[in-house]
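K.L.:
3D, please:
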Amino acid sequence: MKSKVFLPASLVAAGLLSVSSLPAHAAVSCTAGTVTAFGLGASTSCIGAFEGNDAQGNGTGALFNQLSTGVFNGLTNWEFVGKSDEGAFNAPGGSSGTWNIATSINSPFVLSLKAANSWSAYFFENADALAVFGGTWETDGVSTNKRGIAQDLSHATIYRAIVDAPPPKSVPEPGMAAALGVFAVGALGRLKQKRLG
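P.N.:
Numbering: from 1, shown residues only. Prediction:
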């Protein structure tokens, strides 16, 4: 009889030990479609989730190190735009919401989200150099608790790629344009003479 009582109690104790050894948050991976930019749509790609902090206040840190290796489209020249918790742009807390920035981003850029002790980075190719002022975000691909519920945002960070501007299209010299115009008028005149005569 004692063994019947002892066995369930030992199972309960083992179960409690295994639950207490679970991490405070579950391991997750980012998904490119969960973060957007107005006018561009979903992010092109993403990396993460990684443990630790993405960036220091001056832009140095784990994310900048990743960006410098060309992890996104081979781009290695990046400029730190700022962090939301330092007032560089607006991304209020919670597990989802909108982000916005006062000065547009007209080049490829990365928006990183930090929640709990993890961060993920979302890349926007922005091939047409559209002016981007904001978008939407959620932390499902950054950090979730034991029950799978997304953790609240600690801060967001933005870097923009410094890309060479495409060379300007050549415009014909005014003299060349005039010569082409005279040639066209002459050709039309000859065509008209042939039809009449």
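K.L.:
so, low pLDDT: which residues of the chain?
P.N.:
Applying pLDDT under 70 to the chain flags residues 1-27, 165-197.
K.L.:
and the strands in this protein?
P.N.:
For the chain, the strands defined by DSSP state E cover 25-26, 36-37, 41-42, 45-51, 78-83, 96-105, 109-115, 118-124, 132-138, 144-145, 153-161.
K.L.:
how about stretch 87-97: buried residues?
P.N.:
Neighbour counts over stretch 87-97 (16 or more other CB atoms under 10 Å) mark 88-89, 91, 95 as buried. From N, CA and C alone the C-beta is placed, and that goes for glycine too.
K.L.:
pull the contacting residues for residue 61.
P.N.:
The neighbourhood of residue 61, defined by CB atoms under 8 Å, 6 or more residues apart in numbering, consists of 53-55.
K.L.:
how about a cut-off of 10 Å?
P.N.:
With contact taken as CB atoms under 10 Å, 6 or more residues apart in numbering, residue 61 is in contact with 52-55, 80, 112, 119, 157.
K.L.:
of the buried residues of stretch 87-97, closest to residue 128?
P.N.:
Lowest distance from residue 128 to these (CB to CB) belongs to residue 89, with 21.7 Å.
K.L.:
hmm, that closest one is touching residue 156, no?
P.N.:
Yes - contact status for residue 89 versus residue 156: in contact at 7.5 Å, counting by CB atoms under 10 Å.
K.L.:
okay, and the common contacts of those two?
P.N.:
82-83, 99, 111.
K.L.:
with distance to residue 35 added, can I get the residues you listed in TSV?
P.N.:
Output for these, formatted as TSV (distance: CB to CB, whole Å):
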residue	distance to residue 35
82	17
83	16
99	9
111	6
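K.L.:
which one of those sits closest to residue 42?
P.N.:
residue 111 (11.8 Å).
K.L.:
which one is the closest one nearest to, not counting chain neighbours?
P.N.:
In space, and not counting its chain neighbours, residue 111 is closest to residue 122: 5.0 Å by CB to CB, 6 or more residues apart in numbering.
K.L.:
ok, that neighbour - contacts?
P.N.:
30-37, 42-48, 72, 109-113, 135, 137, 141-142, 156.
K.L.:
one more time with 6 Å, if that's ok
P.N.:
Neighbouring residues of residue 122 by CB atoms under 6 Å, 6 or more residues apart in numbering: 35, 43, 46, 111.
K.L.:
wait, residue 155 touches residue 86, no?
P.N.:
No - if you go by CB atoms under 6 Å, residue 155 and residue 86 don't touch, sitting 7.9 Å apart.
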